[in-house]
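K.L.:
Sharing a model that was predicted from the sequence below.
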There are 2 protein chains.
Amino acid sequence: MADRNLANAMGRGESLLFLTDDQLRRGIEAMFFAYRGFTADPDRILQEYGYGRAHHRAIHFINRSPGTTVNNLLSILGVTKQSLNRVLRTLVEDGLVDSRVGVRDKRERHLFLTPKGADLERALSEAQRNRMRDAFRAAGPDAVSGFRAVLEQMMDPDMRRHYIDGGDGPR
Amino acid sequence: MADRNLANAMGRGESLLFLTDDQLRRGIEAMFFAYRGFTADPDRILQEYGYGRAHHRAIHFINRSPGTTVNNLLSILGVTKQSLNRVLRTLVEDGLVDSRVGVRDKRERHLFLTPKGADLERALSEAQRNRMRDAFRAAGPDAVSGFRAVLEQMMDPDMRRHYIDGGDGPR
DNA sequence: AGTTTAAGTCAGCCTTGTTGACTTTCCAAG
DNA sequence: CTTGGAAAGTCAACAAGGCTGACTTAAACT
């Protein structure tokens, strides 16, 4: 129903995508509903600890790049330092994150998960990986590469950098 | 690096997906970064109006199913009625949404976008569709179906229903 | 010596989620 | 026909986690 935008079709022959507004709306809603599913399992675990998604995000990226600095984390997470600091403070107070003064540059703080922090990280990412693995399995191998290709294109270019090289950046 | 979980591979031969923890972590981060991109354009527009994502979601689904009830919207959005009510109230006050008392059941309110509301909806969805269209085009047709297949599997089953039949449900 | 940078703090605001208590309306069982 | 419960919506108050702005401290750069 509703076949506006059929004009999209004739690109050059190479990409003959018929993208109606309705198909795009489907894609939009897929993102909405899937993201909710994607965060549902961790959210349940976090609730038991009195934490929120902000804590999860910090824990995830500290685990991915141990020793990362606060500034580094800020640029990945795209929040203000005041916002991140509140979350980080509670994680340090609760003994999940270790914040060490930099050796080369003493202004910097390098962040690490404590064993306790690593435990929570494992629980969270395991739940999320399980859901993602099930989805990948059900959808099949070709779907997986398509999934990643579209999501990569959907990112802001600056963020794509963090996704691509997954590492820590210049130390 | 890090090749734990290679055990996943031998399913039956049909789906020979090598899903390492690292690949799954990539998928998780892809969701995170892509969702940010996905909401970035509407967020900018909403900010000009002093609205947030909650307003966007309400507007989107009222537009998709004109005349839907508050209860219906609640089950789609998955928030408390008090939370939705606040958003809805400002939208009605600002003249973007029309709330009509039900004819058959006067307890119900049926929701419609006013012309003004439809204008904002158009601006928001156009921005979002443009990003999605560009991503789809860049990734190619096969990627698009894979994208949707994986996202559909990632949803909670109850939500998949709303995604699939996209309509209003029983009136 | 003076400027810039990294990190952190305090205060206050907004959106958007929550719970609890309440009204209005509907419907069904006595 | 009334009464009692369920359903839809509203009001009030609180918490998490975004935000801005102003400021401090310490280290590094020039």
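P.N.:
Received it, and whenever you're ready, just let me know what you need.

K.L.:
just for chain A, where's the confidence low?
P.N.:
Along chain A, segments meeting pLDDT under 70 span A:1-17, A:166-171.

K.L.:
By proximity to chain B, which residue of it wins?
P.N.:
Among the residues of chain A, residue A:146 lies nearest to chain B; the distance is 2.2 Å by C-beta to the nearest C-beta. The way it works is simple: take the backbone N, C-alpha and C, and place the C-beta from them, glycine included.

K.L.:
burial count for that residue?
P.N.:
Neighbour count of residue A:146, defined by other C-beta atoms under 10 Å in any protein chain shown: 24.

K.L.:
Please apply the same query to residue A:47.
P.N.:
When counting by other C-beta under 10 Å, one arrives at 10 neighbours for residue A:47.

K.L.:
where's it, which helix or strand?
P.N.:
Secondary-structure assignment from DSSP states H and E places residue A:47 in helix A:21-49.

K.L.:
From the contact counts, what lies against that helix?
P.N.:
Using 3 or more C-beta pairs under 8 Å, 6 or more residues apart in numbering or on different chains; DSSP states H and E, the elements in contact with helix A:21-49 are helix A:53-64, helix A:115-139, helix B:21-49, helix B:53-64, helix B:115-139, helix B:141-154, helix B:157-165.

K.L.:
The second one vs helix B:21-49, what angle?
P.N.:
It stands for helix A:115-139. Between helix A:115-139 and helix B:21-49, the angle formed by their directions is 90 degrees, by axes from the mean of the first three to the mean of the last three C-alpha atoms, to 10 degrees.

K.L.:
got it, and the fourth one?
P.N.:
Computed with the same axes, to 10 degrees, the direction of helix B:53-64 lies at 90 degrees from that of helix B:21-49.

K.L.:
neighbours of residue A:30, just the number please.
P.N.:
The burial count assigned to residue A:30 is 21, neighbours taken as other C-beta under 10 Å.

K.L.:
likewise the one 3 residues further on?
P.N.:
Other residues within reach of residue A:33 by the criterion other C-beta under 10 Å amount to 23.

K.L.:
Quick check: it vs DNA strand C, distance?
P.N.:
When distance is defined by C-beta to the nearest atom of the strand, to the nearest Å, residue A:33 is 14 Å away from DNA strand C.

K.L.:
That concludes my questions; thank you for your assistance.
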